[in-house]
Structure formats: C-alpha cells, structure tokens
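Colleague: here is my input, please return the structure:
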Amino acid sequence: MQPTLDVWSVLILLGAAQGLFLSWTFLVSAPGPRLRNRLLGLLMLCLALLVIEILLCYSGYIRFVPFFVSLTEPLTFVAPPLLYLYLRSLAKPAFRWDARYLWLFLPAVLHAVYLIPFFAQSDAWKLRTVAESFHRAHPAAPEAAHNFWWFASYAWFYPVFYLVLSGYLLLYLGLQLYTLIPYWRQRAAQPGQAATEWAWLRRLGLGFGLVLLVYVGATAYYHHATGDVNDAGDVWLASLISLLFYGMNGWAISQSDLLAAPAPAEEPVEDPAAPRRKYEKTALSPEVSTEMLTRLRTLMTTGEPYRNPDLSLAELAAQLRVPGYQLSQVINEQCQQNFFDFVNSYRIEEVKRQLLRPESGHLKLEEIGFAAGFNSKSAFNAAFKKHTQTTPSQFRKNAFVQ
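Modeller: Numbers count the residues shown, from 1 in each chain. Reported below is the predicted structural model:
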C-alpha cells in the first residue's frame, strides 16, 4: 500500500487530534464530577483511537505500524457501554460507580481474546487484509501462520460481524433511550431545569445518533455493493466522528469562561466576617449588584448548578459570565453568606423538598443528599443541621407526623 495524504485524510487527522485533546481534558483537567468526566474522557479516547486506525488504513500509513491493524476493533464494544454509563451519570445525579458495571465490557474482552490469532499473524499478512478491505493492490498473499484452532472461523465470522455490532449498538441505543426518557419527562414537567445540561444531552444524542445511522447505512451499502468484507464505509464513520469532535470542542469553548468578562489576576479570599469596606474600591453599583443577584438566583433555580458536588465560585461565575470577585461580593453583601453556605442553602432546600414528598420515602437519606450535590454523608448531615437545626432523619420523621 502506497501512503497518500489527501484533504479527507487531513480532516480525519485533525478530528482525531481534537478527540485526543478532549479525552485528556475530561480525564485530567476538567472541573466538575470526576466520575462523569472520566467516563466521557474514556469514551473520547476510544473514539479517537478508532478514528486513528481508520485513518492509518485509509491513507496507507498503516504500513509503518502494522501492529495497529484491528488493534482497536474491541473498542467498538467498549464505546456503547461508556456512552450509556455517561448518560446515566447525567440523568441520575446520585449515580455512583458499581463494580457490576464491569460486566458491560465483557463482550469487548471476549472479542479481544477471539482476535488473538489475528494479532499473531505476520505483518505482511495483516497488511494484505487491509489492502483487500479497501480494494487496493497488494503483493502476493502470504500464508497465514500460527493457526490457532479457531482461526478458520474468521472466514464466516466477519461477514456477520457487522450485523452483530449493529445489533449491539441498537441494544445500547434502547438502553440509552430507556435512561433518558424519564429524564426528558421530568424536565418537560419543570421547564428551565438544568437547561445547559439538557442542551448538551440533545447535541450529544443527535451526534451519536448520526454516527449509528452512518455506520449502519455505510456498512449495508458497501457490503451489498461488493458482496464481501469492506472497510471503505469506515472512512465516512471516521469523518462523522471527527465532525463530532469539532462540534464538542466548539460547544465546550462556548460554555467555558474564555468568553466571560476578564477577572483580576488574584481573587480576594472570601471571608463572610470581613467588614463591607473590603469591597469599597470595587466599582459595583447597587443596581448592578441587584441585577447580578437576580440572575444568580434564576440560574440556581432553573439550572440547578448546586447539584454539581465540585461546584466552585469560578465555575459559577463563568456560567453567569461575570468576574468571580464580583460574584463573591454580591453573595457576601446581598445574602450575608459565604459561597459554600450560599450553595448549600439551595442543596438543603432541594433535600427538604424531597423529604416532604411521599414518593421519595423509599430513598435513603444519603441518596437524596448526593442527588442534591453533597459529596459525602458527613458534609450532608453537618450542613443540614447547620441550616435547619435538626437532622435529616428527624426532619423526615416530623414531616409525616400528623
């Protein structure tokens, strides 16, 4: 295979680079819930590696790294469970990792084991399979070596592999819809709730829905046209995933604090006990302060950012598109609270609403606390006692005493 690099290859290459960047961002440096970001980061990494292998095979540069042939194929059984778990973490604020979820990745492990005879073949043999899949000229086919006892099954397995994978993807599509439909109904009943999160879910769902349609459509078309195993349709899939990476990067930038008003290099340390002259040199008029407080309360009510257990002052200020020091001033002066007490007050009100609902009676107290944004049972109990002068269990008990 003679290496070539055309415009299509460059588009895919840049998309793969953005996918790797997104993966690193969510795995290492993104603020917010760690489990949720790690799931998304691993999903981006899986997709980026799949795109890289398709790019190498399409462009012919796979000849320099023949060990990469089919190396990422088991990841096609990893991405759907990761997406499903990520959507669950978005739709269910109390979502926690459970070791049982590892069973979801068993198909990927089994497929990797099944491919061992393929990986054991010579580099020339692997490159021939790539050339044949893309209908390109190749030297005389070398003999297969290392004939494991199930190696002969490859001849009949790969013609049906794409049907198996399509069914697998459709199964997870059903699971994802099963998870998101109740979430959608809840948001429809409470307009404005978590608007940013719901917008992100819609875009993510649309993007991955298109990926599924293109995969099924391209696979059916090329296999029908050639009558054998054909990876030419994978180029369309890699291109769409690259566009998905472009869109996610654009959305992430638009929602970051890069476009917010610049904040000073050093933000004052927040101290609710400090006198008001702390802010005497800031140019924040009473009208602006009142308007900012109104926007803040609207955001806290409609967007529910307090449900994020790792919410910070800088992140909340970025959502409001205001400098952090001004938001701190408004909370200190207008609410007579520091940032953490202010956020916890909303969490406590959410907990109280849930404790007063009979249909939430089966939920454990810590589940309700985690769903409201607390990251530990001790922090939840301490904050609840501070704000209500009673414990969560006593509050629930008193709520149903007639």
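Colleague: C-terminal to the helix or strand of the chain with the lowest mean pLDDT, what's the next element?
Modeller: One helix or strand of the chain scores below all others by mean pLDDT, DSSP states H and E: helix 195-226, with a mean of 71. Following helix 195-226 in sequence order, the next helix or strand is helix 233-254 (DSSP states H and E).
Colleague: which residues are in contact with that next one?
Modeller: The contact list for helix 233-254 (C-beta atoms under 8 Å, 6 or more residues apart in numbering) reads 8, 11-12, 14-16, 18-19, 21-22, 25, 44, 47-48, 50-51, 54-55, 57-58, 200, 203, 207-208, 210-211, 214-215, 218-219, 221-222, 259. Every C-beta, even on glycine, is put in place using the N, C-alpha and C of the backbone.
Colleague: what's the spacing between that helix and its chain's center?
Modeller: 14 Å (C-alpha atoms, centre = their mean, to the nearest Å).
Colleague: pull the CA atoms of it into PDB?
Modeller: Output of helix 233-254 as PDB, limited to C-alpha atoms (Å, rounded to 0.1, in the frame of the first residue of the first chain):
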ATOM      1  CA  GLY A 233     -17.600   2.800   4.700                       C
ATOM      2  CA  ASP A 234     -15.400   3.300   7.800                       C
ATOM      3  CA  VAL A 235     -14.000   6.400   6.300                       C
ATOM      4  CA  TRP A 236     -17.400   8.000   6.400                       C
ATOM      5  CA  LEU A 237     -17.700   6.900  10.000                       C
ATOM      6  CA  ALA A 238     -14.300   8.400  10.900                       C
ATOM      7  CA  SER A 239     -15.300  11.600   9.200                       C
ATOM      8  CA  LEU A 240     -18.500  12.000  11.100                       C
ATOM      9  CA  ILE A 241     -16.800  11.200  14.400                       C
ATOM     10  CA  SER A 242     -14.200  13.900  13.500                       C
ATOM     11  CA  LEU A 243     -17.000  16.400  12.900                       C
ATOM     12  CA  LEU A 244     -18.500  15.300  16.300                       C
ATOM     13  CA  PHE A 245     -15.100  16.200  17.900                       C
ATOM     14  CA  TYR A 246     -15.100  19.600  16.200                       C
ATOM     15  CA  GLY A 247     -18.700  20.300  17.500                       C
ATOM     16  CA  MET A 248     -17.800  19.200  21.100                       C
ATOM     17  CA  ASN A 249     -14.800  21.400  21.100                       C
ATOM     18  CA  GLY A 250     -16.800  24.300  19.900                       C
ATOM     19  CA  TRP A 251     -19.500  23.700  22.400                       C
ATOM     20  CA  ALA A 252     -17.000  23.300  25.300                       C
ATOM     21  CA  ILE A 253     -15.300  26.600  24.400                       C
ATOM     22  CA  SER A 254     -18.600  28.500  24.100                       C
END
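Colleague: now do the buried residues in that helix.
Modeller: For helix 233-254, the buried set under the neighbour-count rule, 16 or more other C-beta atoms under 10 Å, comprises 233-245, 248-249.
Colleague: and stretch 100-117, by the same measure?
Modeller: 104, 107-108, 111-112, 114, 117.
Colleague: mind checking the end-to-end distance for that stretch?
Modeller: 29 Å (C-alpha to C-alpha, to the nearest Å).
Colleague: give me the mean pLDDT for that stretch.
Modeller: Averaging pLDDT along stretch 100-117 yields 93.
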